[in-house]
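Trainee: model this:
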Amino acid sequence: MGEVVRFTKGHGTENDFVVVPALDGERDLSADEVAWLCDRRAGLGGDGVIRVVPTELAADDAVRRLAPQARWFMDYRNADGSLAEMCGNGTRVLAAYLRREGLQTGDEYDIATRAGLRHIRVEGDPFDAGLVATNLGPWRLTDPEAADLKGFDALVHVSGHDPFSAVSLEVGNPHTVAALPEDVDLGALNLLRAPVVKPTPAAGSNVELVRPLGVRHVAMRVHERGVGETRSCGTGAAAAALAVSFWSGDAEPAGDWTVDVPGGRLRVRGLPGHEVELAGPVALVADGTVTLP
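Mentor: Down below sits the predicted model:
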(Lines give C-alpha, C1' and ligand atoms only; values in the text may rest on other atoms or scores of the structure.)
Protein backbone atom coordinates (compact mmCIF):
# COMPACT_ATOMS: atom_id res chain seq x y z
CA MET A 1 0.00 0.00 0.00
CA GLY A 2 1.13 3.54 -0.71
CA GLU A 3 1.37 6.52 1.62
CA VAL A 4 -1.79 8.08 3.06
CA VAL A 5 -2.04 11.83 2.50
CA ARG A 6 -4.59 14.44 3.53
CA PHE A 7 -6.41 16.45 0.90
CA THR A 8 -9.07 19.11 0.39
CA LYS A 9 -11.09 19.40 -2.82
CA GLY A 10 -11.99 22.92 -3.90
CA HIS A 11 -12.96 24.91 -6.97
CA GLY A 12 -13.24 28.44 -8.35
CA THR A 13 -16.06 28.67 -10.91
CA GLU A 14 -15.74 24.88 -11.27
CA ASN A 15 -12.03 25.00 -12.09
CA ASP A 16 -11.29 22.29 -9.53
CA PHE A 17 -8.19 21.35 -7.58
CA VAL A 18 -6.86 18.82 -5.12
CA VAL A 19 -5.16 20.71 -2.28
CA VAL A 20 -2.44 18.71 -0.49
CA PRO A 21 -0.84 20.26 2.60
CA ALA A 22 2.91 19.74 2.97
CA LEU A 23 3.42 21.98 5.97
CA ASP A 24 6.79 20.43 6.82
CA GLY A 25 7.93 20.88 3.20
CA GLU A 26 9.14 17.29 2.99
CA ARG A 27 6.53 15.22 1.13
CA ASP A 28 6.77 16.00 -2.58
CA LEU A 29 4.51 14.50 -5.23
CA SER A 30 5.70 12.77 -8.37
CA ALA A 31 4.19 13.54 -11.76
CA ASP A 32 2.50 10.12 -11.74
CA GLU A 33 0.99 10.77 -8.30
CA VAL A 34 -0.36 14.13 -9.41
CA ALA A 35 -1.86 12.60 -12.56
CA TRP A 36 -3.49 9.86 -10.44
CA LEU A 37 -4.96 12.35 -7.96
CA CYS A 38 -6.44 14.34 -10.87
CA ASP A 39 -7.84 11.28 -12.67
CA ARG A 40 -11.63 11.63 -12.68
CA ARG A 41 -12.22 7.89 -12.74
CA ALA A 42 -9.37 6.27 -10.81
CA GLY A 43 -8.44 9.15 -8.50
CA LEU A 44 -10.08 12.17 -6.88
CA GLY A 45 -10.52 14.24 -10.03
CA GLY A 46 -9.23 17.74 -10.66
CA ASP A 47 -7.74 20.18 -13.12
CA GLY A 48 -4.59 20.36 -11.03
CA VAL A 49 -2.95 19.83 -7.65
CA ILE A 50 -2.02 22.60 -5.22
CA ARG A 51 0.69 21.52 -2.80
CA VAL A 52 0.75 23.94 0.16
CA VAL A 53 4.34 24.53 1.28
CA PRO A 54 5.99 27.09 3.60
CA THR A 55 7.88 29.35 1.22
CA GLU A 56 11.07 29.06 3.25
CA LEU A 57 11.00 25.28 2.68
CA ALA A 58 10.39 25.35 -1.09
CA ALA A 59 12.78 23.27 -3.18
CA ASP A 60 13.34 26.10 -5.70
CA ASP A 61 15.95 28.71 -4.70
CA ALA A 62 14.09 31.48 -6.53
CA VAL A 63 10.90 30.68 -4.64
CA ARG A 64 12.67 30.50 -1.26
CA ARG A 65 13.95 34.04 -1.79
CA LEU A 66 10.31 35.21 -1.65
CA ALA A 67 9.90 33.95 1.94
CA PRO A 68 10.31 37.41 3.57
CA GLN A 69 7.27 38.66 1.62
CA ALA A 70 5.11 35.52 1.43
CA ARG A 71 4.61 32.85 4.07
CA TRP A 72 3.11 30.25 1.72
CA PHE A 73 4.14 28.82 -1.65
CA MET A 74 1.58 27.47 -4.12
CA ASP A 75 3.40 24.49 -5.64
CA TYR A 76 1.06 24.02 -8.60
CA ARG A 77 0.98 21.03 -10.98
CA ASN A 78 -1.22 20.51 -14.04
CA ALA A 79 -3.47 17.46 -14.24
CA ASP A 80 -0.89 15.58 -16.31
CA GLY A 81 1.69 16.06 -13.55
CA SER A 82 3.68 18.78 -15.29
CA LEU A 83 4.86 21.85 -13.37
CA ALA A 84 3.09 25.15 -14.03
CA GLU A 85 4.11 28.72 -13.28
CA MET A 86 0.87 29.44 -11.44
CA CYS A 87 -2.92 29.19 -11.72
CA GLY A 88 -5.25 32.15 -11.24
CA ASN A 89 -8.28 30.29 -9.89
CA GLY A 90 -5.90 28.06 -7.95
CA THR A 91 -4.50 31.05 -6.04
CA ARG A 92 -8.04 31.89 -4.95
CA VAL A 93 -8.77 28.34 -3.82
CA LEU A 94 -5.49 28.32 -1.92
CA ALA A 95 -6.51 31.59 -0.21
CA ALA A 96 -9.79 30.03 0.93
CA TYR A 97 -7.91 27.00 2.27
CA LEU A 98 -5.37 29.10 4.17
CA ARG A 99 -8.18 31.14 5.72
CA ARG A 100 -10.23 28.13 6.79
CA GLU A 101 -7.22 26.37 8.28
CA GLY A 102 -6.06 29.48 10.16
CA LEU A 103 -2.75 29.44 8.29
CA GLN A 104 -3.06 33.02 7.06
CA THR A 105 -4.79 35.93 8.78
CA GLY A 106 -5.92 39.25 7.37
CA ASP A 107 -7.72 40.14 4.17
CA GLU A 108 -4.63 41.12 2.16
CA TYR A 109 -1.31 39.30 1.82
CA ASP A 110 1.10 37.82 -0.73
CA ILE A 111 1.62 34.22 -1.73
CA ALA A 112 4.60 32.82 -3.62
CA THR A 113 4.33 31.09 -7.01
CA ARG A 114 6.83 30.03 -9.64
CA ALA A 115 5.82 33.21 -11.49
CA GLY A 116 6.66 35.36 -8.46
CA LEU A 117 4.56 37.01 -5.76
CA ARG A 118 0.79 37.23 -6.14
CA HIS A 119 -1.26 39.58 -3.95
CA ILE A 120 -4.47 38.21 -2.44
CA ARG A 121 -7.38 40.41 -1.40
CA VAL A 122 -10.50 38.97 0.25
CA GLU A 123 -13.81 40.79 -0.32
CA GLY A 124 -16.31 39.78 2.37
CA ASP A 125 -16.64 36.20 3.59
CA PRO A 126 -15.47 33.80 0.85
CA PHE A 127 -17.64 31.09 2.42
CA ASP A 128 -20.78 33.27 2.29
CA ALA A 129 -21.03 34.88 -1.16
CA GLY A 130 -17.79 36.82 -0.79
CA LEU A 131 -15.09 37.01 -3.44
CA VAL A 132 -11.37 36.33 -3.46
CA ALA A 133 -9.29 38.58 -5.72
CA THR A 134 -5.76 37.95 -6.94
CA ASN A 135 -3.44 40.49 -8.49
CA LEU A 136 -2.06 38.36 -11.31
CA GLY A 137 0.85 40.75 -11.70
CA PRO A 138 2.22 42.32 -14.88
CA TRP A 139 0.92 41.12 -18.21
CA ARG A 140 2.37 41.61 -21.66
CA LEU A 141 1.82 40.82 -25.30
CA THR A 142 4.13 37.96 -26.24
CA ASP A 143 5.16 39.61 -29.52
CA PRO A 144 4.16 43.31 -29.41
CA GLU A 145 5.63 44.11 -32.83
CA ALA A 146 3.71 41.34 -34.58
CA ALA A 147 0.50 42.05 -32.65
CA ASP A 148 0.65 45.77 -33.42
CA LEU A 149 0.18 45.18 -37.15
CA LYS A 150 -3.48 44.11 -37.00
CA GLY A 151 -3.87 43.06 -33.41
CA PHE A 152 -3.06 39.40 -34.12
CA ASP A 153 0.13 37.36 -34.06
CA ALA A 154 -1.10 33.76 -34.27
CA LEU A 155 -3.65 31.41 -35.78
CA VAL A 156 -5.70 28.89 -33.80
CA HIS A 157 -6.90 25.77 -35.58
CA VAL A 158 -10.00 24.08 -34.12
CA SER A 159 -11.41 20.94 -35.71
CA GLY A 160 -14.08 21.68 -38.30
CA HIS A 161 -13.30 25.39 -38.72
CA ASP A 162 -11.04 27.66 -40.69
CA PRO A 163 -8.20 29.06 -38.54
CA PHE A 164 -9.15 31.82 -36.09
CA SER A 165 -7.00 34.94 -35.76
CA ALA A 166 -5.49 35.24 -32.28
CA VAL A 167 -3.13 37.19 -30.08
CA SER A 168 -0.61 35.74 -27.60
CA LEU A 169 -0.25 37.11 -24.08
CA GLU A 170 1.70 36.31 -20.93
CA VAL A 171 -0.32 36.56 -17.70
CA GLY A 172 2.11 34.72 -15.47
CA ASN A 173 1.66 31.81 -17.89
CA PRO A 174 1.18 31.70 -21.68
CA HIS A 175 -2.16 32.29 -23.41
CA THR A 176 -3.38 32.50 -26.99
CA VAL A 177 -6.75 34.25 -27.32
CA ALA A 178 -8.75 33.66 -30.49
CA ALA A 179 -11.47 35.99 -31.77
CA LEU A 180 -14.49 34.05 -33.06
CA PRO A 181 -16.24 35.20 -36.24
CA GLU A 182 -19.91 36.11 -35.72
CA ASP A 183 -21.11 32.98 -37.52
CA VAL A 184 -19.27 30.58 -35.18
CA ASP A 185 -21.18 29.23 -32.16
CA LEU A 186 -18.91 29.30 -29.10
CA GLY A 187 -20.83 26.51 -27.41
CA ALA A 188 -20.63 24.19 -30.42
CA LEU A 189 -16.83 24.19 -30.77
CA ASN A 190 -15.20 20.78 -30.42
CA LEU A 191 -12.45 21.12 -27.82
CA LEU A 192 -11.96 17.42 -27.15
CA ARG A 193 -8.66 17.80 -28.97
CA ALA A 194 -6.23 20.55 -28.18
CA PRO A 195 -6.49 23.49 -30.60
CA VAL A 196 -3.36 23.84 -32.71
CA VAL A 197 -1.57 27.19 -32.39
CA LYS A 198 0.62 28.47 -35.22
CA PRO A 199 3.38 29.48 -34.82
CA THR A 200 3.78 26.82 -32.16
CA PRO A 201 4.68 28.31 -28.74
CA ALA A 202 7.89 26.80 -27.38
CA ALA A 203 6.39 26.14 -23.93
CA GLY A 204 2.88 25.42 -25.15
CA SER A 205 -0.10 27.67 -24.49
CA ASN A 206 -3.51 27.82 -22.94
CA VAL A 207 -6.04 28.66 -25.65
CA GLU A 208 -9.10 30.86 -25.11
CA LEU A 209 -11.97 31.20 -27.59
CA VAL A 210 -13.90 34.42 -26.90
CA ARG A 211 -17.23 35.95 -27.88
CA PRO A 212 -18.03 39.60 -26.96
CA LEU A 213 -21.46 39.89 -25.31
CA GLY A 214 -21.65 43.60 -24.53
CA VAL A 215 -19.69 46.50 -23.08
CA ARG A 216 -16.77 44.99 -21.11
CA HIS A 217 -18.54 41.63 -21.13
CA VAL A 218 -17.28 38.48 -22.88
CA ALA A 219 -17.96 34.75 -22.88
CA MET A 220 -15.06 32.30 -23.06
CA ARG A 221 -14.16 28.65 -23.37
CA VAL A 222 -10.64 27.42 -22.68
CA HIS A 223 -8.37 24.49 -23.44
CA GLU A 224 -5.56 24.41 -20.87
CA ARG A 225 -2.16 22.95 -21.65
CA GLY A 226 -1.54 19.79 -19.69
CA VAL A 227 -5.22 19.50 -18.76
CA GLY A 228 -7.73 19.80 -21.63
CA GLU A 229 -10.92 21.84 -21.68
CA THR A 230 -11.76 23.16 -18.21
CA ARG A 231 -14.88 24.83 -16.85
CA SER A 232 -12.93 27.97 -16.07
CA CYS A 233 -9.44 29.47 -16.17
CA GLY A 234 -8.58 32.53 -14.12
CA THR A 235 -5.53 33.73 -16.01
CA GLY A 236 -7.39 32.81 -19.21
CA ALA A 237 -10.30 35.06 -18.22
CA ALA A 238 -7.83 37.89 -17.67
CA ALA A 239 -6.18 37.16 -21.02
CA ALA A 240 -9.57 37.19 -22.76
CA ALA A 241 -10.51 40.60 -21.34
CA LEU A 242 -7.07 42.00 -22.10
CA ALA A 243 -7.19 40.73 -25.68
CA VAL A 244 -10.66 42.13 -26.41
CA SER A 245 -9.65 45.43 -24.82
CA PHE A 246 -6.52 45.47 -26.99
CA TRP A 247 -8.52 44.73 -30.14
CA SER A 248 -10.81 47.63 -29.16
CA GLY A 249 -7.83 49.98 -29.18
CA ASP A 250 -7.28 50.23 -25.41
CA ALA A 251 -3.82 49.56 -24.03
CA GLU A 252 -5.41 48.61 -20.68
CA PRO A 253 -8.82 47.05 -19.92
CA ALA A 254 -11.15 49.95 -19.08
CA GLY A 255 -13.08 49.49 -15.83
CA ASP A 256 -14.25 46.11 -14.66
CA TRP A 257 -14.77 43.33 -17.19
CA THR A 258 -17.22 40.46 -16.75
CA VAL A 259 -16.06 37.13 -18.13
CA ASP A 260 -18.60 34.31 -18.37
CA VAL A 261 -17.15 30.79 -18.37
CA PRO A 262 -18.99 27.45 -18.39
CA GLY A 263 -18.50 27.22 -14.60
CA GLY A 264 -19.72 30.69 -13.65
CA ARG A 265 -18.68 34.34 -13.76
CA LEU A 266 -15.40 36.13 -13.04
CA ARG A 267 -14.40 39.78 -12.73
CA VAL A 268 -11.27 41.17 -14.38
CA ARG A 269 -9.92 44.60 -13.46
CA GLY A 270 -7.03 46.54 -14.91
CA LEU A 271 -4.61 47.88 -12.28
CA PRO A 272 -1.91 50.56 -12.42
CA GLY A 273 1.49 49.46 -13.62
CA HIS A 274 0.15 47.27 -16.43
CA GLU A 275 -1.14 44.70 -13.94
CA VAL A 276 -4.46 42.86 -13.85
CA GLU A 277 -6.67 41.50 -11.07
CA LEU A 278 -8.95 38.46 -11.11
CA ALA A 279 -11.88 38.06 -8.70
CA GLY A 280 -14.57 35.43 -8.23
CA PRO A 281 -16.24 32.97 -5.88
CA VAL A 282 -14.53 29.96 -4.33
CA ALA A 283 -15.70 26.77 -2.62
CA LEU A 284 -14.08 24.03 -0.56
CA VAL A 285 -16.28 20.99 -1.03
CA ALA A 286 -14.60 17.96 0.55
CA ASP A 287 -11.84 16.87 2.94
CA GLY A 288 -10.33 13.46 3.51
CA THR A 289 -7.40 11.15 3.18
CA VAL A 290 -6.34 9.11 0.20
CA THR A 291 -3.85 6.29 -0.26
CA LEU A 292 -1.43 7.01 -3.08
CA PRO A 293 -0.81 4.13 -5.50
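
Trainee: how long is stretch 216-232 from one end to the other?
Mentor: Stretch 216-232 has an end-to-end distance of 18 Å (Cα to Cα, to the nearest Å).

Trainee: no no, stretch 80-92
Mentor: For stretch 80-92, by Cα to Cα, the gap between its terminal residues amounts to 21 Å.

Trainee: buried stuff in it?
Mentor: 81, 84, 85, 86, 87, 88, 89, 90, 91, 92 (16 or more other Cβ atoms under 10 Å). Yep, even glycine has a C-beta here, placed from its N, CA and C like the rest.

Trainee: tell me which of the residues you listed is nearest to residue 252?
Mentor: Lowest distance from residue 252 to the buried residues of stretch 80-92 (Cβ to Cβ) belongs to residue 88, with 18.0 Å.

Trainee: ok, that closest one to residue 172 distance?
Mentor: Here residue 88 is placed at a distance of 8 Å from residue 172 (Cβ to Cβ, to the nearest Å).

Trainee: shared neighbours of the two, anything?
Mentor: Common contacts of residue 88 and residue 172, defined by Cβ atoms under 8 Å, 6 or more residues apart in numbering, comprise 136, 235.

Trainee: quick one, domains of the chain?
Mentor: 4-138+280-291, 140-267 (automatic domain parsing).

Trainee: which one of those domains lies nearest to residue 273?
Mentor: Per Cβ to Cβ, nearest to residue 273 of the domains of the chain: domain 4-138+280-291, 7.0 Å.

Trainee: please state the offset of the closest one from the chain centre?
Mentor: Relative to the chain's own centre, domain 4-138+280-291 is displaced by 11 Å; criterion: Cα atoms, centre = their mean, to the nearest Å.

Trainee: helix or strand next in line after the helix or strand harbouring residue 77, which one?
Mentor: Assessed by DSSP states H and E, residue 77 sits inside strand 72-78. Downstream of strand 72-78, the first helix or strand assigned by DSSP H and E is helix 88-100.

Trainee: now that next one: average pLDDT?
Mentor: The predicted model gives helix 88-100 an average pLDDT of 98.

Trainee: how big is the angle separating it from strand 72-78?
Mentor: Inter-element angle recorded for helix 88-100 and strand 72-78: 140 degrees (by axes from the mean of the first three to the mean of the last three Cα atoms, to 10 degrees).

Trainee: could we number from 700 for the rest of this?
Mentor: Yes, from this point I'll number from 700; that puts the last item at helix 787-799.

Trainee: now do the following helix or strand past helix 787-799: everything it contacts.
Mentor: For helix 787-799, the succeeding helix or strand toward the C-terminus, using DSSP H and E, is strand 807-812. Outside of strand 807-812, the residues within contact range by Cβ under 8 Å, 6+ apart are 754, 757, 762, 765-766, 768-773, 775, 784-785, 790, 793-794, 816-821, 871.

Trainee: now the helix or strand hosting residue 732 and strand 771-777, what's the angle there?
Mentor: In this structure, residue 732 sits in helix 730-737 according to DSSP H and E. Taking the same axes, to 10 degrees, one finds that helix 730-737 is oriented at 90 degrees with respect to strand 771-777.

Trainee: for helix 730-737, buried residues please.
Mentor: Residues of helix 730-737 classed as buried: 732, 733, 734, 735, 736, 737 (neighbour count, 16+ other Cβ under 10 Å).

Trainee: give the contact list for the last one.
Mentor: For residue 737, the contact set (Cβ under 8 Å, 6+ apart) comprises 717, 743, 744, 745, 746, 747, 748, 778, 779.

Trainee: I'd like the distance between the second one and residue 916.
Mentor: So that's residue 743. From residue 743 across to residue 916, the span is 34 Å (Cβ to Cβ).

Trainee: which one's more surrounded, the two?
Mentor: residue 743 (18 against 15; other Cβ atoms under 10 Å).

Trainee: close enough to count as contact, the more buried one and residue 989?
Mentor: Yes: between residue 743 and residue 989 a contact is recorded at 6.3 Å, counting by Cβ atoms under 8 Å.

Trainee: which neighbours do those two share?
Mentor: Joint contacts of residue 743 and residue 989 (Cβ under 8 Å, 6+ apart) are 706, 736.

Trainee: before we move on, the earlier item: and the domains of the chain as CSV, adding distance to residue 973?
Mentor: Shown next, in CSV, are the domains of the chain (distance: least, Cβ to Cβ, whole Å):
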stretch, distance to residue 973
domain 703-837+979-990, 5
domain 839-966, 7
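
Trainee: sorry, back to before: and the strand holding residue 776, what other elements does it pack with?
Mentor: helix 730-737, strand 747-753, helix 787-799, strand 807-812 (3 or more Cβ pairs under 8 Å, 6 or more residues apart in numbering; DSSP states H and E).
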